[in-house]
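Trainee: Based on what follows, work out the 3D shape:
(2 chains)
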Number of protein chains: 2
Amino acid sequence: MESLFNPKSIAVVGVSKTPGKLGHEVMNNLLRYGFRGPIYPISHRYSEVQDIRCYRSVLDVTDEVDLAVISAPENYVPKVLEELGAKGVRSTIILSGRRMSPLTEVISGVSRKYGMRVLGPSSLGVYYPKHKLNASPISLNGEGGGIALISESKTLGMSMIDFAISEGLEFSAIVGTGGKADIEEQDLLNYLSEDDDIKSILIHMETLRDQKKFIESVRNALKRKPIIIIAGSTEIRKRLEPLRREVPITNDFMTAFDIAAVFLGKKIMGKRVLVVSNSSGAGNLFIESLEDTSLEVPPLSDAFIDDTRIFMPEGSSHKNPLDLTPEASPEIFRGILESSMNSSEIDLIILIYCGSNPLNLEKLQMMLLEMRDLIDKPVIPVFIGGYLSKEVARKLRKDRIPSYVNIANVGKALDFAIKYFESH
Amino acid sequence: MESLFNPKSIAVVGVSKTPGKLGHEVMNNLLRYGFRGPIYPISHRYSEVQDIRCYRSVLDVTDEVDLAVISAPENYVPKVLEELGAKGVRSTIILSGRRMSPLTEVISGVSRKYGMRVLGPSSLGVYYPKHKLNASPISLNGEGGGIALISESKTLGMSMIDFAISEGLEFSAIVGTGGKADIEEQDLLNYLSEDDDIKSILIHMETLRDQKKFIESVRNALKRKPIIIIAGSTEIRKRLEPLRREVPITNDFMTAFDIAAVFLGKKIMGKRVLVVSNSSGAGNLFIESLEDTSLEVPPLSDAFIDDTRIFMPEGSSHKNPLDLTPEASPEIFRGILESSMNSSEIDLIILIYCGSNPLNLEKLQMMLLEMRDLIDKPVIPVFIGGYLSKEVARKLRKDRIPSYVNIANVGKALDFAIKYFESH
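Mentor: All right, here's what the predicted structure looks like:
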């Protein structure tokens, strides 16, 4: 797998000069993301692309080639693959073709013959910012952000990535499995679970060849990383039934990303939660969403209430969930966080803020950023509202504070995190 | 209830000249939304607000007062209410106070004594654009948009409204029940269910006095309008258990709004759905989400496939769900819609689009708008992606086309709509 994620040199087969074409985008991305080794464009049509000399065949390249990326049309793939195999290329990503392609058999045959690992066909490619590698048609910022995505679907995969980015999430790895002629999820899980930059691994999958092997690899990878599965077909959901108690399996990719987000923040060390909100309605709604989770909302001691009382506006409720009333300013929230940061009664704090006052939202954002470094306990903010609320949650996520707009997903995310950290 | 939603004259008790204060916002909203009858500000402090003469007491007003809105502090409320009762005011909205206020008893006493209907305390107010009434602190566009919201919580209610607006939804009625000293959900349901502008009624509730009465009123209102309940507490969810098969009951307000959105569009006349997408992965994900619904994805006849075949790009799948491949342009989607519009094999069409190309998204938006008037069958678009996808869905919703970004909610919304239209 090393040649797939950390190649020394790359051949790009089927390059194009037309923006929008796969062969253009992938070449462009490899260059733009600063891949450090040599790149060899392979083309029958061009003598150069982007000022880099083209070769008619990979066999014309004299140096070693670690990784090849194929964006040539499906019918060229068998011949190209044979040449890559003969050349001694270690790994190949096939971006072109269809997943259910009749070529899948041919591809896995060539793969076995030469011991060349093949990703695809119809792979979304590989994005691995740690090694400045973007062998995919996806535009990203190249910074890495803790989430790994393995996606069987190319088009849906790209759209899920667009969605995640718009919600403040960033990726430390993206791999498109596509038709899985050779490389399957288990191969990738083994590699990615060793990467300390990755905080959680999302897998979108629709098909599964070897149920036992996959389940075993998930259980193995779970020792090092939380895994969340987006079940892309009814068949897969049924076949993953044995994993149901160990990993979240959902057809709701938005929920899957919300669960992944929780692992960007501090480790959750227990299940006793303090809920603090400027709306009793929001606090109660959150409590209701905890019904099927392991979270506890413990009653607070007199000492705790005495410590926090001075911050609380008139009419506040001093029971957990704390209702600070709509009068609660960012400063009041800060006071509550500071006075509860060392409490041994609670393990984490959920701060729910209803409101769209831009000044208050900005102050809350600043305050939460400051408190991130002052408080050991995880503080999970939830912003209920419109554009501005969504925007604050997005910004805080970029600062590795798991923040939410969908209050109904918070309990699910925490429930998995608590169980995960308890047993791993 | 007529005096609450269609008052001839309004007294505002506890007006303020300070922007941001309740007594300022509500006065401002009443004027700004063009309420047509006389408004009588009541104040001990000011002789005029916004160039309108103030009265020291409602008893000083010589004309009849239909509706009073109280934003004065809680401790003034009993005295004010007595005066309003004595004056013969028909309905009063108490915006101030707390829901669990010990005043609730006093309020319901005065209400009974004078036969004056009282909304609140701690009501979000009443927004009813049909009669140019905005007796609330909420800023809205005043146009009405088919959704009615009854909310027990004031602060959460406002934030849910902000959220809904950011998702392209608009309101034909908003009522805050607050502490429910007198007016309860059943009173409002009876009135709102008669309003033809309202396509669905959402109810957020945390408490319930008379379970039997409420359930009866829901069943009654269901004859005229779909109802969706946001269960704001664990207690309420348990007490509404008997309604579980008749109305969606959820703690996820985002899902609740997504369910409400489906009723903005055409009537759903059957459960046979054609799924058409530019990503097989997205099509399959949608199918998986239908597991617990009544929707059917029927196999397509040869005649149907022959009619649509000419539009389909190479590599398309001709089975339902139709996979048009990422090559599918807005024109290709249009061709499929046109050729299936008169089919007797299907009752509705789900169009799933993955992608962030702004030109394609704009063309799709235009095309769907045109087709809305050409096709009888409902077409439900789902846009999977980031900012631009969310924006197109939002715009189409404003044109009364139920559009989605959360693919996992579409099946839930349609399932309820199909069952609702089957039995009502």
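
Trainee: Quick one: the helices in the stretch 151-300 of chain A, in order.
Mentor: With DSSP state H, counting those that start in this stretch applied, the stretch 151-300 of chain A shows helices at A:155-166, A:185-192, A:211-222, A:234-239, A:253-261, A:280-289, listed in chain order.

Trainee: Rebuild these as a markdown table, extending it with mean neighbour count, mean pLDDT and distance to chain B.
Mentor: In this view, the C-beta of every residue, glycine as well, is placed from N, C-alpha and C. Rendered in a markdown table, the data for those read as follows (neighbours: other CB atoms under 10 Å in any protein chain shown; pLDDT from 0 to 100; distance: least, CB to the nearest CB, whole Å):
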| stretch | mean neighbour count | mean pLDDT | distance to chain B |
| --- | --- | --- | --- |
| helix A:155-166 | 25 | 98 | 3 |
| helix A:185-192 | 20 | 97 | 15 |
| helix A:211-222 | 16 | 98 | 17 |
| helix A:234-239 | 16 | 96 | 5 |
| helix A:253-261 | 25 | 98 | 6 |
| helix A:280-289 | 26 | 97 | 2 |
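
Trainee: would you list those helices in TSV and tack on distance to B:Glu83?
Mentor: Output for these, formatted as TSV (distance: least, CB to CB, whole Å):
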stretch	distance to B:Glu83
helix A:155-166	53
helix A:185-192	71
helix A:211-222	67
helix A:234-239	63
helix A:253-261	51
helix A:280-289	30
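
Trainee: residues in contact with the residue nearest the centre of chain A?
Mentor: Residue closest to the mean C-alpha point of chain A, counted by CA atoms, centre = their mean, is A:Ile147 at 3.0 Å. Applying CB atoms under 8 Å, 6 or more residues apart in numbering or on different chains, we find A:Ile147 in contact with A:Ala164, A:Leu169, A:Glu170, A:Phe171, A:Ser172, A:Ile198, A:Lys199, A:Ser200, A:Leu202, A:Phe257, A:Ala260, A:Leu264.

Trainee: Now do the closest residue to the first one other than its chain neighbours against B:Val13, distance only.
Mentor: Take A:Ala164 and drop its neighbours on the chain: the residue closest to it by CB to CB, 6 or more residues apart in numbering or on different chains is A:Phe257, 5.1 Å away. In this structure, A:Phe257 and B:Val13 are 48 Å apart, going by CB to CB, to the nearest Å.

Trainee: same question, A:Ile236
Mentor: Computed with CB to CB, the distance linking A:Ile236 and B:Val13 is 61 Å.

Trainee: wait, the residue nearest to A:Ala164 sits on A:Gly168?
Mentor: No. In this structure A:Phe257 lies outside contact range of A:Gly168 using CB atoms under 8 Å: 9.9 Å.

Trainee: Can you tell me how far the residue of chain A most remote from its centre is from A:Asp182?
Mentor: Here chain A has its C-alpha centre computed as a mean, and the residue farthest from that point, by CA atoms, centre = their mean, is A:Glu314 with 42.5 Å. Noted for A:Glu314: a distance of 67 Å to A:Asp182, by CB to CB.

Trainee: Check A:Arg224 too.
Mentor: Using CB to CB, one gets 24 Å for the distance from A:Arg224 to A:Asp182.

Trainee: Kindly report the same for A:Ala282.
Mentor: Going from A:Ala282 to A:Asp182 by CB to CB gives 50 Å.

Trainee: go on, A:Phe311?
Mentor: Separation of A:Phe311 from A:Asp182 (CB to CB): 60 Å.

Trainee: How about A:Gly120?
Mentor: Distance from A:Gly120 to A:Asp182, by CB to CB: 9 Å.

Trainee: got it, and A:Asn75?
Mentor: The spacing between A:Asn75 and A:Asp182, counted by CB to CB, is 20 Å.

Trainee: between these two, which one's more packed in?
Mentor: The neighbour count for A:Asn75 versus A:Asp182, taken as other CB atoms under 10 Å in any protein chain shown, is higher for A:Asp182 (21 against 10).

Trainee: Please list all residues in contact with the more buried one.
Mentor: Residues touching A:Asp182, when contacts are defined by CB under 8 Å, 6+ apart, comprise A:Ile107, A:Ser108, A:Ser111, A:Arg112, A:Arg117, A:Val118, A:Leu119.

Trainee: Out of the residues you listed, which sit inside helices?
Mentor: Secondary structure from DSSP state H places A:Ile107, A:Ser108, A:Ser111, A:Arg112 of the contacts of A:Asp182 in helices.

Trainee: which residue does the stretch 101-250 of chain A bring closest to chain B?
Mentor: Closest approach between the stretch 101-250 of chain A and chain B, counting by CB to the nearest CB: A:Ser153, at 2.5 Å.
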